[in-house]
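**Student:** got a predicted structure here, sequence first:
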Amino acid sequence: MARAHGGAAAVRDRTASLTEGALLAALTALVALLVAAFGSPGLVAAPLPLFVLTYRRGLRTALLSAVVAGLVLSPFFGFPQGLLFVAAFAPVGLVQGAVARRGGEGLAGRAVLLGAAVGLVVTAAGFFVTRYLLGLDPLQAVVEAQARGAQAAADLSRRLGAPPQQVQQMELVAQQMPKLVRTILPAAVVLGVVVWAYGSYTLARHVMRRLGTELAGFSPILTWRLPPAGVLALVAPVVAGAAVQPWAPQAGQVLVANGFMASVLVFAFFGLLTMLHYLASREVPRAGRVMAAAAVFLMGDLGTFALVALGLVDLWLDLRKVGPRAERSP
């Protein structure tokens, strides 16, 4: 009797697992269609169904659901394009879900880092497949889109009566955009994938909380601080580029440009956190903090480099008191 009861429970559990997998496979296909319709903003939500399924039912069921979702999309995108489309975001959900299922210390950091690493591999593989198997050039499409955007901004400024010198400068930027995008694309891809992995885990964490499961998160964003390894990762490409430039000028230029671009974005981010931390400590309302941040960005390059300088000062002097100078409770 006990054996029969246990077998019935196993059958029920297997049936529930398959049913949940089918539902989340359909949801994965639906999210993929939304990504195709709305572009990159939908990528943050794309790994979510597979994250939840991996956490609740394991990697095997989630992997099967990903394949089913790809087959469901095949009538819309063709075969094997449907499978390839799901493969572009499924590994991030699978890996982050598996990390969350395992648990342990530093769960949030491991989920984001491993998700970003897998995302970079998938991005590189997707470029290879698109370029060499499907005969398309995604890099050229990105370059042309950025160039068109820069030219459209220059045309809009001219129609709005902007000073001729400003319009001429914007047109010069539009002409140089293709070369600039090709040069700094590696840094943009790395930072974009890291942000994607962070957003995917954060969204999944909130959804799992709604489902009754609390996953570890990060400390409040205003207390974030760049670790020494992060500083080394930013400086290393610049030093390496300067070292190899006499023998390989093109490679050296790419390394220096990407290291500089990543440094500007990262330190501007921490400069923004420093500014917001100061405003919060002075009890400035949230609306005022948002307006202050918007005003800095509207200043253009001057505001960006002011944030970079503030981020560098915070790195060395710990203005927010969240690093070595922070007060420690006994």
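**Tutor:** That came through fine.

**Student:** just checking, next helix/strand downstream of the worst-scoring helix or strand of the chain on mean pLDDT?
**Tutor:** Lowest by mean pLDDT, DSSP states H and E among the helices and strands of the chain is helix 2-38, with a mean of 56. Towards the C-terminus, the helix or strand next in line after helix 2-38, according to DSSP states H and E, is helix 48-57.

**Student:** please state the offset of that next one from the chain centre?
**Tutor:** 19 Å (C-alpha atoms, centre = their mean, to the nearest Å).

**Student:** cool, stretch 200-215 as well?
**Tutor:** Using C-alpha atoms, centre = their mean, we find the averaged C-alpha position of stretch 200-215 to lie 18 Å away from the chain's own average C-alpha position.

**Student:** and the contacts of it?
**Tutor:** Residues outside stretch 200-215 that contact it (C-beta atoms under 8 Å, 6 or more residues apart in numbering) are 43-48, 51-52, 55, 92-93, 96-97, 100, 107-108, 111-112, 115, 217. Placement of C-beta: from N, CA and C, glycine included.

**Student:** low-confidence bits of the stretch 51-200 of the chain, can you list those?
**Tutor:** Under the criterion of pLDDT under 70, the regions of the stretch 51-200 of the chain flagged as low confidence span 77-78, 134-135, 137-139, 142.

**Student:** who does the helix or strand residue 290 falls within touch, helix- and strand-wise?
**Tutor:** Assigned by DSSP H and E, residue 290 belongs to helix 286-298. Contacting helix 286-298 under the criterion 3 or more C-beta pairs under 8 Å, 6 or more residues apart in numbering; DSSP states H and E are the following elements: helix 249-281, helix 301-317.

**Student:** going by neighbour count, list what's buried in it.
**Tutor:** Taking 16 or more other C-beta atoms under 10 Å as the basis for neighbour counts, the residues of helix 286-298 that come out buried are 289, 293, 296.

**Student:** what's near enough to touch the second one?
**Tutor:** The one in question is residue 293. When contacts are counted by C-beta under 8 Å, 6+ apart, residue 293 is found next to 272, 275, 276.

**Student:** so the first one makes contact with residue 296?
**Tutor:** Yes - Residue 272 lies in contact with residue 296 (C-beta atoms under 8 Å); the separation is 7.5 Å.

**Student:** who touches both of those two?
**Tutor:** Shared contacts of residue 272 and residue 296, defined by C-beta under 8 Å, 6+ apart, are found at residue 307.

**Student:** rewinding a little: now which of the contacts of stretch 200-215 would you call buried?
**Tutor:** Among those, the ones that count as buried by 16+ other C-beta under 10 Å are 43-48, 51-52, 55, 92-93, 96-97, 100, 107-108, 111-112, 115.

**Student:** state which helix of this protein is the longest.
**Tutor:** For the chain, the longest helix by residue count, based on DSSP state H, is helix 164-210.

**Student:** got the buried residues for whatever helix or strand comes next after that helix?
**Tutor:** Going down the chain from helix 164-210, the next helix or strand is helix 228-244, by DSSP H and E. Counting neighbours by 16+ other C-beta under 10 Å, one finds that the buried residues in helix 228-244 are 233, 234, 237, 238, 241, 244.

**Student:** can you list contacts of helix 228-244?
**Tutor:** Contact with helix 228-244 is made by 251-260, 262-263, 266, 315, as judged by C-beta under 8 Å, 6+ apart.

**Student:** which strands and helices lie in contact with the strand or helix carrying residue 60?
**Tutor:** Per DSSP H and E, residue 60 falls inside helix 59-77. Contacting helix 59-77 under the criterion 3+ C-beta pairs under 8 Å, 6+ apart are the following elements: helix 2-38, helix 48-57, helix 81-87, helix 90-102.

**Student:** using PDB, write out the CA atom coordinates for stretch 113-123.
**Tutor:** The C-alpha trace of stretch 113-123 is given here as PDB (Å, rounded to 0.1, in the frame of the first residue of the first chain):
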ATOM      1  CA  LEU A 113      28.500  37.000 -12.900                       C
ATOM      2  CA  LEU A 114      27.700  33.500 -14.300                       C
ATOM      3  CA  GLY A 115      24.700  34.900 -16.200                       C
ATOM      4  CA  ALA A 116      26.900  37.600 -17.700                       C
ATOM      5  CA  ALA A 117      29.600  35.100 -18.700                       C
ATOM      6  CA  VAL A 118      27.100  32.800 -20.300                       C
ATOM      7  CA  GLY A 119      25.500  35.800 -22.000                       C
ATOM      8  CA  LEU A 120      28.800  36.800 -23.500                       C
ATOM      9  CA  VAL A 121      29.400  33.300 -24.800                       C
ATOM     10  CA  VAL A 122      25.900  33.200 -26.300                       C
ATOM     11  CA  THR A 123      26.400  36.700 -27.900                       C
END
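
**Student:** now do that stretch: distance to the chain's middle.
**Tutor:** With C-alpha atoms, centre = their mean as the basis, stretch 113-123 stands 10 Å off its chain's centre.

**Student:** check stretch 262-281 too.
**Tutor:** Centroid separation for stretch 262-281 versus its chain: 18 Å, with C-alpha atoms, centre = their mean.
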